Each structure stands twice: as C-alpha cells, then as structure tokens.
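Enquirer: this one's sequence-less:
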C-alpha cells in the first residue's frame with residue numbers, strides 16, 4: 001500500500017512534523033504493538049512491528065514537497081486496506097498542513 005501526500009514545507013519542517021506524528025502514533029498504540037524496530041537514514045524512516053501476531057513493515061520517505069508512505073500489510077489486514085490508507089493519509093495531511 002502506498003500513500004503520497006504533497007506539502008509546501010521546507011524539508012526540515014516536514015521532517016520535524018513527521019517525527020512528531022510518529023512519536024504521537026507510537027504513544028497512541030503502545031499497548032497494541034510488540035517487537036517494534038525503526039531506523040532513520042537521512043529522510044527515510046524504516047519501521048517494523050507486530051500487532052495481533054501479524055508483522056507490519058514499511059518505509060516513510062520524505063521528498064522535496066511530498067511524503068510517501070509504503071506499508072506491507074499482512075493478508076488478513078487487506079480487507080481493511082482502504083480504511084487504513086484513509087486513516088494514514090488523513091494523519092499525514094493533518095500533520096503537514098497545520
């Protein structure tokens with residue numbers, strides 16, 4: 001699943017807002033995830049976690065004027081793909097367009 005959201009922020013401001021969104025999201029779901037791992041490499045954030053014995057992996061890439069989120073959903077979550085995609089997109093837009 002891939003989500004792309006455009007923005008008019010500087011790279012530094014976009015990075016700050018995305019990092020804040022990640023921190024807030026981790027706090028919100030702290031009781032629902034296990035085995036989290038994450039790594040920043042310049043403007044690329046790689047993550048992996050388990051939820052209900054399913055592993056979810058993905059990448060957030062900050063580009064000039066856009067953020068692209070790529071998530072590998074387990075088969076059992078594909079039925080909820082559109083709802084998950086809309087939720088992630090709404091969160092990104094809220095963070096980037098304040």
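Expert: Yes, it's here. Keep in mind the model is a prediction, meaning the values are calculated, not measured.

Enquirer: could you identify the helix or strand that succeeds the lengthiest strand in the chain?
Expert: In the chain, with assignment by DSSP state E, the single longest strand is strand 54-63. Downstream of strand 54-63, the first helix or strand assigned by DSSP states H and E is strand 66-72.

Enquirer: what ranges do the strands span in the protein?
Expert: Counting by DSSP E, the strands of the chain are 2-6, 34-41, 44-51, 54-63, 66-72.

Enquirer: could you dump those to CSV with mean pLDDT?
Expert: Formatted as CSV, these follow (pLDDT from 0 to 100):
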stretch, mean pLDDT
strand 2-6, 97
strand 34-41, 94
strand 44-51, 96
strand 54-63, 96
strand 66-72, 97
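
Enquirer: just put those strands in TSV and tack on distance to residue 96.
Expert: C-beta coordinates here come from the backbone N, C-alpha and C atoms, glycine included. Output for the strands of the chain, formatted as TSV (distance: least, CB to CB, whole Å):
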stretch	distance to residue 96
strand 2-6	6
strand 34-41	18
strand 44-51	15
strand 54-63	10
strand 66-72	7
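
Enquirer: so what strands line up beside the longest strand of the chain?
Expert: strand 44-51 (antiparallel), strand 66-72 (antiparallel) (DSSP bridges).

Enquirer: what lies in contact with that strand?
Expert: Residues from elsewhere that reach strand 54-63, judged by CB atoms under 8 Å, 6 or more residues apart in numbering: 11, 14-15, 18, 22, 35, 43-50, 67-74, 76-77.

Enquirer: at 6 Å what do you get?
Expert: Strand 54-63 is contacted by residues 14-15, 43-49, 68-72, 74 when judged by CB atoms under 6 Å, 6 or more residues apart in numbering.

Enquirer: quick one: residue 53 from residue 34, how far?
Expert: 9 Å (CB to CB, to the nearest Å).

Enquirer: so if I had to pick from the two, which one is more boxed in?
Expert: residue 34 (11 against 8; other CB atoms under 10 Å).
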